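just need the structure, nothing else, for what follows:
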Amino acid sequence: QQLLRQNDLVDFGDQVLLAIHLLARHPDVLAASRQRFRAFLVDEFQDTNFAQFRLLQLLAPSTADVTVVADDDQSIYKWRGAALSNVLKFLEHYSAVRTVVLTENFRSSQSILDCAYRLIRFNDPDRLEVRQGIEKKLISRADRIQEAPHFHAFDTASSEADWVARTIRQAIESGARPASDFAILVRSNREADLFLRALNVAGVPWQFSGASGLFARAESKMLVSCLKALADPDDSLSWYHVASSPLYRCPMDDLTKVLAQAAKAHRSIRHVLEHLDQDASLSSALSTAGKRQLGELLSDVARLLEFSRTHSSGQVLYRWLADRGYLAQLGKGERLDEALQLQTVARFFHQLRRIEELVGTSLPELMQHLELFQAMGNEPFEEDDAWADRVQVLTIHKAKGLEFPVVFLVGLVQGRFPTTQRRDPIELPEALIKDLLPSGDYHLQEERRLFYVGMTRAKEQLYLSSAYAYGGKTVRKVSQFVLEALDLATPSPLAKKAGLRELIDRSAAPKPLPVSPAPRRDTPLRLDPHGVDDYLTCPLKYRYSHVLRIPVMRHHLVVYGAALHKAVEEFFKRRLREEPMGEEELLRTFEEQWSSEGFLTREHEELRLAQGRDALRRFFARQQAAPERPTLIEEKFKCEIDDLLVIGRWDRVDRHGDDVVIIDYKSSEVSDQAAADRRARESLQLLLYALAWQRLSGRIPTRVELRFLETDVTGQARFTEQDLERAQHVLRDAARGIRAGDFHATPQEFACRWCAFQSICPFAFQTPAP
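Presented below is the predicted three-dimensional model:
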C-alpha cells in the first residue's frame, strides 16, 4: 500500500474501499450518486465480498430497484474474499425482494446435470435450496444426446494424460470434432504440464490459460534465448539454443564439437567462435555449412547489439527474426502447426510490449524483469477467436462462465481434488469473521462447488479421470467427488495400464498436424471494418494480419496517428465529464502516447513530434473559439448481419435533434476540399460505420465526416439506402472468401508499398528495374 501511494496508484480493492469512504463521509456525494443511479443489476453476486456488498448498500437504499443474480452452488472464490453469506444478507437487507428461481438450463445434457446435482446435494443443509425451501434441480432445454459421464482410472499420471491426448487426436483425425470442441480442466496450473506434453506428442494444438502457457511453447523459449544471448554474450546455453533453432539450424555435430571445446577451455561458446581462426583443429573439424551458420550468428549478435543502442528490445528481436527470414518462412506455410507457431510469436511480441511499457524498452531493463513476467504472465483465453482451433487447457477457476462440447476433468484423486486443507499460519478468531460459517466442512464444500462448476462446463460429453500414481510411493485414492457424482460405492479396482509400445511412444517427436482450417461455420464470423478492408485489398494480407497475426513493427505513420487520435479522444471524454482539458494537458497526453517505434531517424521523430503538437494547438484553438460537444466518443458497436457479427467503434458521433453525424479522425495530409470529400465518399470504413448505425438505430446517419487534423479540412459524404446495400454485398463477399479459406495474394504497387508485411510476403509487388 505504501508503494502504491508513493507512485500515485490504486489497485482494484482500493477502488472499492475509496469509493466506500467517499460515499460514507460525504453525504452530498452520496445523495448525488443515488440520484444518478436509479436501478442496479449485480451478476455473479455469490462471488462478491463484503466491501462490494457495502458499496451496493450505500448506493442502493433498501427501497431501491435492485436485482442480483446468484447461484450459491457456484461460489468458488472464497480464497479471494468472496462471501457466500452476502446472498442471505441481501435477502435480509432488501426485505421486499422477490425471489425468482431459474431452473431451465440451455447448455448441458440432462445426464450431466443430474450427476452434478447429485454431487452438490452433499453440501446440504447449507445450500440455499434447503435454507430457503426452493427447488434448484436444473432441467435441460438443450437438444443434446443423452450420454452419461464417463469415468476412467489409470495406473499412472502419464497413462492418464496419454489417453486424454490420444482420445482427442482420434476425434480430430476422424473429422468427428475440431480441436476447439475440447477442454481439459485441471485443479491447479502445475497439474497441466503433463497434459500439455502429451498433447504435444500427439500433435494436438492447445492453448493453456495458466501462467506458463505462452512461455512454455518452443517458439517462446527460442525468443527468450535470443534476448538472453544479446543481454549476456557469455550465456552459452542461450547461444546453443539459438544456434540449433530454426533461425540458424546449425548442424548438431558441429555444435557438439564447439560446446565440447568451450567446456574443455572453460570458455563461452561466443569466445570459442570469436577465436575460431586461432584453433586450427576445431576449425578443420567443422563442416562448411556449420562454420557459415555459426559465423552468421556471431556477426548477427554484434550487429544487433549495436542496433540496440537506439532501438527497443522488441525492435531488436523483430529485426533478428525478419533478417533471418523466420517470419517469412512461417508465413508461407499452410500447415496448422506453422500457423500456431506464428500466433505464438505474435502473442510473445504483444506480451513484450506490455513488459516494455512497465519496465522500459532497453535490453538491460527488460532482462531484469523478464523471468518475473514469465512466472506471472498470463495467456488470455480468446473465446471470440473463430480461428482458435485448439484444445483449451484451463484451471476450473478460469473456465467459470465458459462452455465446451467435450470436457475432460482430470487428476481426480484425494489430496488433489479435493485439495488438502492447510491451516492459516495466523487464524482469524471466529468472533471477527463476518461470513456466516456453514455447519459442514467449509473447505470441502468449496472444493465440491468447484467440482460442480467443472462438470457443468460440459455441453455434450464429460470425461472424469484419475490415476493411482502421480509420482512418489503413495497410492492415490479416487476423489470422493467422483463417487458422489456417479453414485458409486467404491471405484473400479481395475486401472488401465499403458502397453510397452505406448511407453516407448511417449518419447516420440510430435506428429505432423493437419492443414490449417477455415473458420467454423457453426459460429458467427466476426468482422470489423479494418478486417474487411484488408481482405478486399489483399486476402493474403488479411491472413497475415487477422488469422496468423504475424507481429509487425508499427510504421511511424501509425504511431503518429494513434498518439494524435488518443489526445483528441481524451479531450472530448473530459469535456463530456465536465472536466475541461487545457492545452498543456492535451499536449502531455499526446506525448504520453508517443513511441519511438518505426521512425527513420531521431531528427525525423522530433519533426513529427513538433508537427503533432502544432496540429493539436490548432485543434485546441478551434475548440476554444467554437466548442463542440459530441454525443458519443470511442463508442463500441456490435451488430448482426446475416451470419456475421460486425464489430468496431465509432470515433465520434454527434446528435442534434434528428441529425446524426458520424465522424472519423485522420492524421494524413489532405488539404484539398474536393479530395477530402472524395475520401469520405469512398471510405469503406465510414460506409460500414453508417451501416452499423442504421442496423442498431433503424435510421441512416445524416452524413459522415473525415476530419484531417493536420490540415483542418473536413470531408463530408451522405450515404443512401443503395450505398448501405452495397456495403452488405461487400461484407458477404469478404465473409464468403474468409470462410472458404481463400487467401490468395493480389499484389498491387500502391498497396504493397504501404503494406506492413511487404518484407516477408513472397508475392509483394516489385518495381521493375529501369
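
doesn't residue 452 lie inside a helix?
Yes: under DSSP: H, G, I helix; E, B strand; the rest coil, residue 452 falls within a helix.

where's it relative to residue 743, distance?
Distance, residue 452 to residue 743, using CB to CB, to the nearest Å: 43 Å. In this view, the C-beta of every residue, glycine as well, is placed from N, C-alpha and C.

neighbour count winner among the two?
residue 452 (23 against 20; other CB atoms under 10 Å).

hmm, residue 745 is touching residue 755, no?
No: applying CB atoms under 8 Å, one finds residue 745 not in contact with residue 755, separated by 10.4 Å.

overlap of the contact sets of the two?
538, 761 (CB atoms under 8 Å, 6 or more residues apart in numbering).

can you pick out the residue with more neighbours from those two?
residue 755 (24 against 16).

what sits against the more buried one?
So residue 755 contacts 538, 541, 761, 764 (CB under 8 Å, 6+ apart).

need those in CSV with distance to residue 419 and secondary structure, can you?
As requested, these are exported to CSV (distance: CB to CB, whole Å; DSSP: H, G, I helix; E, B strand; the rest coil):
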residue, distance to residue 419, secondary structure
538, 52, coil
541, 49, helix
761, 51, coil
764, 55, coil
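
ok, and for the top strand by length along the chain, which residues are buried?
Criterion DSSP state E: the longest strand present in the chain is strand 644-656. Buried residues in strand 644-656, counted by 16 or more other CB atoms under 10 Å: 644-648, 650-654.

so what does that strand touch, helix or strand wise?
On a contact count with 3 or more CB pairs under 8 Å, 6 or more residues apart in numbering; DSSP states H and E, strand 644-656 meets strand 525-527, helix 556-576, strand 632-641, strand 659-666, helix 684-697, helix 721-739.

what's the closest of those to residue 67?
Closest of the helices and strands packed on strand 644-656 to residue 67 is strand 632-641, at 23.4 Å (criterion: CB to CB).

and that closest one, which strands flank it?
Counting by DSSP bridges, the strands paired with strand 632-641 are strand 644-656 (antiparallel).

show me what the strand it pairs with is in contact with.
By CB under 8 Å, 6+ apart, strand 644-656 touches 524-530, 565, 569, 572, 628, 630-640, 660-665, 688-689, 691-693, 695, 731-732, 735.

buried members of those into PyMOL, please.
In PyMOL, this line selects whichever of the contacts of strand 644-656 come out buried by 16+ other CB under 10 Å:
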select buried, resi 524+525+526+527+528+529+565+569+572+630+632+633+637+660+661+662+663+664+665+688+689+691+692+693+731+735
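
worst-scoring helix or strand of this structure, pLDDT-wise?
Sorting the helices and strands of the chain by mean pLDDT, DSSP states H and E puts helix 500-505 at the bottom, at a mean of 58.

point out where the stretch 101-250 of the chain drops to low pLDDT.
Along the stretch 101-250 of the chain, segments meeting pLDDT under 70 span 210-213.

same check, this time on the stretch 301-450 of the chain
Residue ranges of the stretch 301-450 of the chain with pLDDT under 70: 333-337, 339, 373-388, 422-440.

repeat that for 90
307-316, 318-319, 322-323, 325-390, 398, 400-401, 419-443 (pLDDT under 90).

residue contacts, residue 156?
467-470, 498 are the contacts of residue 156 under CB under 8 Å, 6+ apart.

in a markdown table: those, plus distance to residue 88 and neighbour count.
Compiled in a markdown table, those are given as follows (distance: CB to CB, whole Å; neighbours: other CB atoms under 10 Å):
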| residue | distance to residue 88 | neighbour count |
| --- | --- | --- |
| 467 | 40 | 25 |
| 468 | 41 | 19 |
| 469 | 43 | 18 |
| 470 | 39 | 19 |
| 498 | 50 | 18 |
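
which of those fall in strands?
residue 467.

among the contacts of residue 156, which two are most distant?
470 and 498 (14.8 Å).

residue 135 - how many residues pack around it?
Other residues within reach of residue 135, judged by other CB under 10 Å, total 7.

swap in residue 146?
11.

what distance do you get for it to residue 611?
In this view, residue 146 and residue 611 are 67 Å apart by CB to CB.

pull out the buried positions in the host helix or strand of residue 90.
If you go by DSSP states H and E, residue 90 is part of helix 85-93. Within helix 85-93, the residues that count as buried by 16+ other CB under 10 Å are 85-87, 89-90, 93.

same thing with stretch 576-595?
Quick answer for stretch 576-595 (16+ other CB under 10 Å): 581, 583, 586-587, 589-590, 593-595.

let me know the closest of those to residue 216.
Nearest to residue 216 out of these is residue 595 (CB to CB; 29.2 Å).

distance check, the closest one against residue 361.
Using CB to CB, residue 595 is found at 9 Å from residue 361.

low-confidence ranges, the stretch 601-750 of the chain, go.
In the stretch 601-750 of the chain, residues with pLDDT under 90: 601-605, 626-627, 640-645, 656-658, 667-672, 710-712, 739-745, 747-750.

so how many other residues sit close to the nearest residue to residue 608 once chain neighbours are set aside?
Using CB to CB, 6 or more residues apart in numbering and skipping the chain neighbours, the partner closest in space to residue 608 is residue 560 (5.3 Å). Residues lying near residue 560 (other CB under 10 Å) number 25.

filter the buried residues of stretch 576-595 down to just the ones in helices.
Within those, residues falling in helices by DSSP state H are 583, 586-587, 589-590.

ok, the closest residue to residue 594 other than its chain neighbours - contacts?
Nearest in space to residue 594, with sequence neighbours left out and distances taken as CB to CB, 6+ apart, is residue 563 at 5.0 Å. Counting by CB under 8 Å, 6+ apart, residue 563 makes contact with 590-591, 593-595, 612.

quick one: which of those is nearest to residue 442?
For those, the nearest to residue 442 is residue 593 (48.1 Å; CB to CB).

how about the strands in the stretch 301-450 of the chain?
Applying DSSP state E, counting those that start in this stretch to the stretch 301-450 of the chain gives strands spanning 391-395, 404-409.

point out where the stretch 451-600 of the chain drops to low pLDDT.
Counting by pLDDT under 90, the stretch 451-600 of the chain contains low-confidence residues at 468-476, 488-527, 540-541, 543-559, 576-580, 592-600.

helix/strand/coil for residue 611?
helix.

fine by me, thanks again.
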